[in-house]
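# Need the 3D shape of this:
(4 chains)
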4 protein chains.
Amino acid sequence: MVVVVEHNATEKDIEGIIKVLHDFGFDVHRSTGVNQTVLGAIGVKPDFDTRQVELLPGVAHVYRITEPYKLASRSFKSEKTVIDVGGVKIGGDAIVVMAGPCSVENEKQIFTIAEHVAKAGAKFLRGGAYKPRTSPYAFQGLGEEGLKLMRKAADAFGLKVITEAMDGTQLDLIEQYTDVIQIGARNMQNYNFLRELGKASRPIMLKRGLSATFEEWLMSAEYILSSGNKNVMLCERGIRTFETATRNTMDISAIPVIHAKSHLPVIADPSHGIGIRDKVIPMARAAVAAGADGIIVEVHNDPDHAKSDGAQSLFPNQFEELMKQIRLIAEAIGRKVA
Amino acid sequence: MVVVVEHNATEKDIEGIIKVLHDFGFDVHRSTGVNQTVLGAIGVKPDFDTRQVELLPGVAHVYRITEPYKLASRSFKSEKTVIDVGGVKIGGDAIVVMAGPCSVENEKQIFTIAEHVAKAGAKFLRGGAYKPRTSPYAFQGLGEEGLKLMRKAADAFGLKVITEAMDGTQLDLIEQYTDVIQIGARNMQNYNFLRELGKASRPIMLKRGLSATFEEWLMSAEYILSSGNKNVMLCERGIRTFETATRNTMDISAIPVIHAKSHLPVIADPSHGIGIRDKVIPMARAAVAAGADGIIVEVHNDPDHAKSDGAQSLFPNQFEELMKQIRLIAEAIGRKVA
Amino acid sequence: MVVVVEHNATEKDIEGIIKVLHDFGFDVHRSTGVNQTVLGAIGVKPDFDTRQVELLPGVAHVYRITEPYKLASRSFKSEKTVIDVGGVKIGGDAIVVMAGPCSVENEKQIFTIAEHVAKAGAKFLRGGAYKPRTSPYAFQGLGEEGLKLMRKAADAFGLKVITEAMDGTQLDLIEQYTDVIQIGARNMQNYNFLRELGKASRPIMLKRGLSATFEEWLMSAEYILSSGNKNVMLCERGIRTFETATRNTMDISAIPVIHAKSHLPVIADPSHGIGIRDKVIPMARAAVAAGADGIIVEVHNDPDHAKSDGAQSLFPNQFEELMKQIRLIAEAIGRKVA
Amino acid sequence: MVVVVEHNATEKDIEGIIKVLHDFGFDVHRSTGVNQTVLGAIGVKPDFDTRQVELLPGVAHVYRITEPYKLASRSFKSEKTVIDVGGVKIGGDAIVVMAGPCSVENEKQIFTIAEHVAKAGAKFLRGGAYKPRTSPYAFQGLGEEGLKLMRKAADAFGLKVITEAMDGTQLDLIEQYTDVIQIGARNMQNYNFLRELGKASRPIMLKRGLSATFEEWLMSAEYILSSGNKNVMLCERGIRTFETATRNTMDISAIPVIHAKSHLPVIADPSHGIGIRDKVIPMARAAVAAGADGIIVEVHNDPDHAKSDGAQSLFPNQFEELMKQIRLIAEAIGRKVA
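Residues are numbered from 1 along each chain as shown, chains lettered A, B, ... in the order given. This is a model prediction of the structure:
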């Protein structure tokens, strides 16, 4: 923590500040310039609330100098994390594609889609059995029946499963059926849940909150990591901006910026990122071009009658086109699609 | 739902759109102007995903014409909701003040503060026993011990208790000790939890999410109301904006706007709204001037050594000053402080 | 500027950083802790681009430690600025009310409104002759004819005039007719224009940009102040947020926060702040309660047929009600309405 | 415009609304459903302020049904605009690269950079002679001397020139030296200036405002187009979000979305978009992958000593790498770099 003293602070003010810092347990280094005094306060835990010092007489500004996350940072672990999900590696050279419907609706639907996406090159079947919906009156998912159907369909076509858990009470059940547990944007700061995920037996894909900063996102990953689960991947799914023409604004810059700050893999979700089917392909291309480790995308055999998110779900032939295009982009940057 | 047809749409396009709308179960009214055709589609449930229609050939725009919430709206219930908490009425003419520390720290602290805020005119003791913290390494609250201390201190000085629940597993326990259950901003869209709150035996104070719109906030209230708990009050606690000089930006306009849209009481939290002690009083005055039904404010006997949020906690004498000033403002607008 | 060195930086890295800082002309103070080295760099102009140092090997973070504005700051001038506009004092104890139509439309309209607002207690007639409009096809104002009518109407009823200038080419003309020059939100960072305003003979009311931070707003004031015009007042008129139910979100916290950072008077514009007539009065009350030095508000004799902004213009009787209410609020906080 | 009537509106209310709409000149079509009446109001100019109707008794919601821009829209002109700048075509199949320093500093600097970027494949030399700076105390550019140097350097190496104009008084001068006039983000809604640009003899590159929506951006283009200049290209340069780790957040989705809404070419500026040198290349790749018609990028021969924006300027060898990589991406999507 660095404490900048006001121009007109008295020596007594400065001594008062130093005393408080010592009382909090900091080592203090004082730099006195012609116009300004700066105090370096070193040695206390990262979550110290700097506002405690900001209010002292004579203090102009206070800056925290350490990142509040540790296990998620590149300075803690410099090599990139590669998560091995039954042989499918996420975070390595190959880009992993996860595809499927927003919601599992019935056996025929999930088998049709699973077969299609597997043939086109997806490695994971995505699909929701428990759906977080803004409206209490909307379709909330098939529950355990949906999990069973998804597992069956995935197994039939050699796919892994990724599905969302909405709270801790669902974990035991969901772990039986899924390979990766997805955590939704609105749960990114559900802290008790994050701790429970730290004890889960499956890797976690943590979606970015709608208005979360990179630091907050990594702090949420830190909750999971510090509770014992080292297999965390992050998913950029669009943030809220002033734009109303699109559902969200996909923050492609999250990909290179998080890769610089953290060793965790970054997956891109262009379906939620842009929210409308006909722009999903260019956004998927952009994500791969920027370095994403994977793409998760909504595909439906009959999007016009999907129970949720049909408007952002690709038709099967559009998904084939997406695979073709991102393979070309992957090659252009020296990677490949898994 | 209103569907605006593109200028150059063909008659075949228009018939196609009408057919799809019929298939979804809508009644369709067609208005054909010289330049433009508009279709009114009436009769389907409020959560219909309008993007399903936006993608049809010939569609220019689609507008939803009904608010997605019902039980929370003024058009459903025109008289304002008044919540009676053991004789303290929230939502009536009198403005209710809730005060206390961010976290319960020990018996002496909570009793000292309870005595002080009761004498100065608060009706509720606020305080956290379970703290949602950005960092997994920060102080997380005393848990049940904190609940017990708060109940004891409140009872000793004739106060009601308001405290936060972080998830459904805590509800049974917290209901034993508290009069009102507070739901934090980061849990505003934790949908399963909202449903459980609909079955709770206590009134709920639902804080606005950091980036939530009024509609989303009311939809979250709708979850609780539609699950059976009619005693919901809303709490404006500041939204996220680009400003970094303050912790949050308190949206005073939420008070008159929500009062127009909904019958639910609105409480203002200037401590979190502005985030720094010396601006809490003017923001509390503004909230009362704008029509808030209550004020919840952090007060600590020794803010400089508080375990959390000390920087935004008032000193006891500042809280007395706040009470004095909001009484004058309340009178100026023809209300009083309870 | 404070430069925080990375944990694993070598002594050579640190020496390299110090050399670069010296080359830029800084005095450097080094604090070496057990885990971390911090460099205080003092003595160079406030606009130094700190990113120049962020990129050096071994640098973890760089913090600017001085505010970039000077003339606008409280530390430069601790007593509040009071602007005397022909006897009407802005920034003193009395709250000044400015009222009138969005646009001057014709002689009858402006005289009717001027008479009304003067009788109700306004000190300034507001009104636009040059209108910045989002659409090139919208009504753009009466131009010089509008200025003449406004001056005549104001003089007839003992009012001062405030009107907007859109660029430097209009200044000579507008200065002949107005007492205060208003600068719109979209021009807040039109830097050449700000410099010209520094040479204008009239006080300036500088509206906050739609997404401007407090610092950016004060930097724009600094442009005017540093070019020679010391009579600058600031106007909070609502910022852009995610909310779509209101036109803007009025940031009431700007009033106490700017008053702490700067000596310049702060005016509140609840008409643009909330954008809809029926919420203007509670927002005006809140602004006065929070300490605003003045209120600027749109009033129209026939809002339903106003050429612009009719929806946020008060009816004459609503303006009388507003005056009555803010007088009560002003008294409650120990001020009065001028 | 579509007017949705409240559930409980009386027939008298509805007739009142229809009368007002007729008075404003609208044709009204009425659709009466079981629960709800909807009025289609057709025929008045696009800038009608819908709030005028929102306030009428019985009105629940009002929706504008036409885009407020016309000349900028795809429905007005379906084929993409290609701007021919002395043989370099912008908006066609080939992607045009513009490169150079933030500010022109001296002859040696601009010649060194011009030679380098020309060899590496840029078609335009970019550089600022008039710099809009947040601080009045910062370097403001060399003015006409800068323009002359840039022209000379560009001519020496077969490049076109693009440079920024800050207001209308500079246009005559700048037109003598430049091929394309750049308008900065902070001037996007400087309406009088936009009109003057409509009369300029050079194509315009209009940068997106920091918080502008797509519609506002296209409305600003409409100002230029409707004043007579058809050669407008748009430039995405990053928007403001809550993120503080990067200077701006580059909105890659602007590229496909604007291409769908408008026929105007879209250029991407990854230097301002991300604001730090080491992430410029992945963001440039993403922009090309998403369909950008050009890239404008800051390059400096000695970024560490640049007078402005050194931190986001590429080293010459990084620019060569960028060119190599975007050529591969362009090929992957069936385009090429001009």
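# Run through the residues of the stretch 151-300 of chain A sitting next to chain B.
The stretch 151-300 of chain A comes close to chain B at residues A:166-169, A:186-187, A:189-195, A:210-211, A:216, A:219, A:222-223, A:226-227, A:240, A:247, A:275-278, as judged by Cβ under 8 Å from any Cβ of the partner chain. (Glycine included, C-beta is placed from N, CA and C.)
# Now that you've got the residues you listed, can you turn the buried subset into something I can paste into ChimeraX?
Under the burial definition 16 or more other Cβ atoms under 10 Å in any protein chain shown, those of these that qualify are selected in ChimeraX by:
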select /A:166,167,168,186,187,189,190,191,192,193,194,195,210,211,216,219,222,223,226,240,247,275,276,277
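# The residues of the stretch 151-300 of chain A next to chain B: which ones sit near chain C?
Within these, those near chain C by Cβ under 8 Å from any Cβ are residue A:240.
# domains of chain A?
A:2-63, A:83-337 (automatic domain parsing).
# State which one residue of the stretch 1-150 of chain A is found closest to chain D.
Per Cβ to the nearest Cβ, the residue of the stretch 1-150 of chain A with the smallest distance to chain D is residue A:67, at 10.4 Å.
# helix/strand/coil for that residue?
Three-state call for residue A:67 (DSSP: H, G, I helix; E, B strand; the rest coil): coil.
# how near is it to residue C:30?
Distance of residue A:67 to residue C:30, computed by Cβ to Cβ, to the nearest Å: 22 Å.
# Who are the contact partners of residue A:81?
If a contact means Cβ atoms under 8 Å, 6 or more residues apart in numbering or on different chains, then residue A:81 has A:91, A:230-232, A:263-265 as its contacts.
# now residue A:101: how far from residue A:130?
From residue A:101 to residue A:130 the distance is 14 Å (Cβ to Cβ).
# Between these two, point out the one with more neighbours.
residue A:101 (29 against 23; other Cβ atoms under 10 Å in any protein chain shown).
# ok, that one touching residue A:298?
Yes. Under the criterion of Cβ atoms under 8 Å, residue A:101 makes contact with residue A:298 at 6.5 Å.
# residues shared between the contacts of these two?
Common neighbours of residue A:101 and residue A:298 (Cβ under 8 Å, 6+ apart) are A:126, A:313.
# How about residue A:50: what's its closest non-neighbour residue?
residue A:62 (4.4 Å; Cβ to Cβ, 6 or more residues apart in numbering or on different chains).
# List phi and psi for the one you found.
Main-chain dihedrals, residue A:62, degrees, to the nearest 10: phi -130, psi 130.
# coming back round to it: adding distance to chain D and neighbour count, write the contacts of residue A:81 out as a markdown table.
What follows is those, written out as a markdown table (distance: Cβ to the nearest Cβ, whole Å; neighbours: other Cβ atoms under 10 Å in any protein chain shown):
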| residue | distance to chain D | neighbour count |
| --- | --- | --- |
| A:91 | 17 | 20 |
| A:230 | 24 | 13 |
| A:231 | 25 | 23 |
| A:232 | 19 | 26 |
| A:263 | 17 | 19 |
| A:264 | 16 | 28 |
| A:265 | 16 | 26 |
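# Whether whichever strand or helix holds residue A:4 contacts chain B - can you check?
Using DSSP states H and E, residue A:4 maps to strand A:2-5. No. Interface with chain B: strand A:2-5 contributes nothing (Cβ under 8 Å from any Cβ), its closest point being 14.1 Å away.
# What strands line up against that strand, and which way round?
Strand A:2-5 has its sheet partners listed here by DSSP bridges as strand A:37-42 (antiparallel), strand A:59-63 (antiparallel).
# Comparing those strands by mean pLDDT, which bottoms out?
Mean pLDDT is lowest for strand A:37-42 among the strands paired with strand A:2-5, at a mean of 80.
# what's next to that strand, contact-wise?
A:1-5, A:9, A:14, A:17-18, A:21, A:26-31, A:53, C:2, C:29, C:31, C:33-36, C:38, C:40, C:42, C:65.
# for stretch A:163-180, how far is the first residue from the last?
Stretch A:163-180 has an end-to-end distance of 7 Å (criterion: Cα to Cα, to the nearest Å).
# Would you mark the buried spots in that stretch?
A:163-168, A:170-171, A:174, A:177-180.
# Dump the contacts of residue A:81 into TSV; add distance to chain C, pLDDT and secondary structure as well.
Formatted as TSV, the contacts of residue A:81 follow (distance: Cβ to the nearest Cβ, whole Å; pLDDT from 0 to 100; DSSP: H, G, I helix; E, B strand; the rest coil):
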residue	distance to chain C	pLDDT	secondary structure
A:91	23	98	coil
A:230	21	97	coil
A:231	26	98	coil
A:232	23	98	strand
A:263	15	98	coil
A:264	20	98	coil
A:265	24	98	coil
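# Need the nearest residue in space to residue A:329, chain neighbours excluded.
Nearest residue to residue A:329, sequence neighbours excluded (Cβ to Cβ, 6+ apart): residue A:288, at 4.6 Å.
# Could you tell me the angle between the host helix or strand of the one you found and helix D:280-289?
Assigning secondary structure by DSSP H and E places residue A:288 in helix A:280-290. On the basis of axes from the mean of the first three to the mean of the last three Cα atoms, to 10 degrees, helix A:280-290 is oriented at 160 degrees to helix D:280-289.
# Packing partners of the helix or strand following helix A:280-290?
Using DSSP H and E, the helix or strand that directly follows helix A:280-290 along the chain is strand A:294-298. Strand A:294-298 is packed against strand A:94-100, strand A:124-126, strand A:266-268, helix A:270-274, helix A:280-290, helix A:316-332, with contacts defined by 3 or more Cβ pairs under 8 Å, 6 or more residues apart in numbering or on different chains; DSSP states H and E.
# Identify the residues contacting the longest one?
Outside helix A:316-332, the residues within contact range by Cβ under 8 Å, 6+ apart are A:95, A:97, A:99, A:113, A:116-117, A:120-122, A:277, A:280-281, A:284-285, A:288-289, A:295, A:297, A:299, A:301, A:314, A:336-337, D:289, D:325, D:328-329, D:331-333.
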